[in-house]
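K.L.:
Following is a predicted model, sequence given first.
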Amino acid sequence: MYVIKNGTLYTMGRQGVIQADILVENGKIKKIGKDLSHEGGEMIDASGKCVTPGFVDAHSHIGGIGPGTEEDLNEITNPLTPELDAYYGINPDDKNFEIALKQGITTSCLAPGSANVVCGWVMAYKSAGKDRVVKRPVAMKGAMGINPKGCYSKTNQAPMTRMAIANIMRTYLKNVKDYMKKKEEAAADPAKMPPFDLGLEHGIPVLEKKIPLKVHSYMHDMMTVLEIAKEFDIYITLDHAQGASDFYKELQDPHVQGVIFGPTAECLFPGEGGKLDPECCKGLDDRGVPIAVMTDGPVTVVNMLLFEMGEAVRNGMDPVRALAMVTSTAAKIIGVEDRVGSLEEGKDADILIWSDLPSCATDAVLEQVFVDGECVYKS
């Protein structure tokens, strides 16, 4: 048990920004208030400091892709692999989790890579701790455009075109829908039960609107994804989403659970990658569309979330709203807001202590990181 005293708390919850203490006990935030007693426990003086929730990276591949680990999150053998699960591709000892902690990232949304049209289940995972799985699954990963085209066209295999990508995705969702109908009919007649199919089973939470289809998509493909979402009445998140500023009106559709923009360090390339519009973060937020940013780790530089918040602020976004893109809004988009993303009583004690507000102070220093109440990093 300990108390973080006298900090400026950016709670990212209903209490807003307050000057207060945080009582932490058994890995949870037990109480937030003034003049809390630390009798029997430690006192951490946060006077003059900014205290925020741990960052939530809404789109990452650390632990399964990149230098220092094996290529275990990108199964480039079949454009349709819904039966896969990121859980089985993660190395919990990957050094990138330690690197993430030093940037304030305490929870990452870990997705299979984007080679396939339907890639498999996504999970939310802590950067440290004993019980690191926050929620599994949080989404079904999908991909449009150059990634599946680029992977399979060179083998003279579908999908070579956007036509084929849309058809593969629609056919999969239709097959899940038919499978669900057969299982429902089998309740009255067990002889009608279809053979068990793990790939179709993994799609059921998507059709039941329990998890979204999390789709790698740029400006050429976002409207295709939205049309498919409306056709099957499912939730989607649009990940990367460069060019989103062209579709402000369309993205206010209730099927869009959120837009996860970035990474802004990505180079421009012909076609779908020909626009980079960080101003869309403010534009979407102003219109009520949930917006988060990503590292796409370990593909980009480790402090990408700080850069993306800064770019949003530079383009007119309020610094606290920018902070929400890596805390409360990110947690809500990936469906883990009951555990993380805000400083509120009963939630996980994932807490950052900064020298200044990181969304607008370029010299802000991350001084301490707590995950489930344990101090896992000190500067």
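P.N.:
Thanks, I have the structure now.
K.L.:
Assign residue 43 to helix, strand or coil.
P.N.:
Recorded secondary structure, residue 43: strand (DSSP: H, G, I helix; E, B strand; the rest coil).
K.L.:
Tell me the pLDDT of it.
P.N.:
Residue 43 is assigned 97 on the pLDDT scale.
K.L.:
residues in contact with it?
P.N.:
Neighbouring residues of residue 43 by Cβ atoms under 8 Å, 6 or more residues apart in numbering: 2-3, 5. The way it works is simple: take the backbone N, C-alpha and C, and place the C-beta from them, glycine included.
K.L.:
hmm, try it at 6 Å
P.N.:
Going by Cβ atoms under 6 Å, 6 or more residues apart in numbering, residue 43 touches 3, 5.
K.L.:
Ok, residue 241 next?
P.N.:
Going by Cβ under 6 Å, 6+ apart, residue 241 touches 259, 261.
K.L.:
just the one 4 residues further on next, same as before
P.N.:
With contact taken as Cβ under 6 Å, 6+ apart, residue 245 is in contact with 277, 280, 283.
K.L.:
The nearest residue to residue 157 once chain neighbours are set aside: neighbouring residues, count only.
P.N.:
Distance criterion Cβ to Cβ, 6 or more residues apart in numbering; nearest residue to residue 157, sequence neighbours excluded, is residue 79 at 7.8 Å. Neighbour count for residue 79, taken as other Cβ atoms under 10 Å: 23.
K.L.:
In helices, which of the contacts of residue 245 fall?
P.N.:
Among the contacts of residue 245, DSSP state H puts 280, 283 in helices.
K.L.:
Which single one of the contacts of residue 245 is nearest to residue 210?
P.N.:
The closest of the contacts of residue 245 to residue 210 turns out to be residue 280 (Cβ to Cβ; 27.9 Å).
K.L.:
And the closest one, what's its pLDDT?
P.N.:
Taking residue 280 on its own, its pLDDT is 98.
K.L.:
I'd guessed residue 376 sits against residue 130; true?
P.N.:
No: between residue 376 and residue 130 there is no contact under Cβ atoms under 6 Å: 11.6 Å.
K.L.:
okay, and the common contacts of those two?
P.N.:
Residues touching both residue 376 and residue 130 by Cβ under 6 Å, 6+ apart: none at all.
K.L.:
check which helix or strand covers residue 152.
P.N.:
Following DSSP states H and E, the helix or strand that holds residue 152 is helix 146-152.
K.L.:
scratch that, residue 377
P.N.:
Take DSSP H and E as the rule and residue 377 turns out to sit in strand 374-378.
K.L.:
got the contact list for that strand?
P.N.:
The contact list for strand 374-378 (Cβ under 6 Å, 6+ apart) reads 101-102, 128, 368-369.
K.L.:
rerun that using 10 Å as the cut-off
P.N.:
With contact meaning Cβ atoms under 10 Å, 6 or more residues apart in numbering, strand 374-378 is reached by 2, 24, 27, 42, 44, 54, 97-98, 101-104, 106, 126-130, 349-353, 366-371.
K.L.:
tally of neighbours for residue 328?
P.N.:
Applying other Cβ under 10 Å, we find 24 other residues in the vicinity of residue 328.
K.L.:
wait, what's in contact with residue 153?
P.N.:
By Cβ under 10 Å, 6+ apart, residue 153 lies in contact with 146, 159-161, 164.
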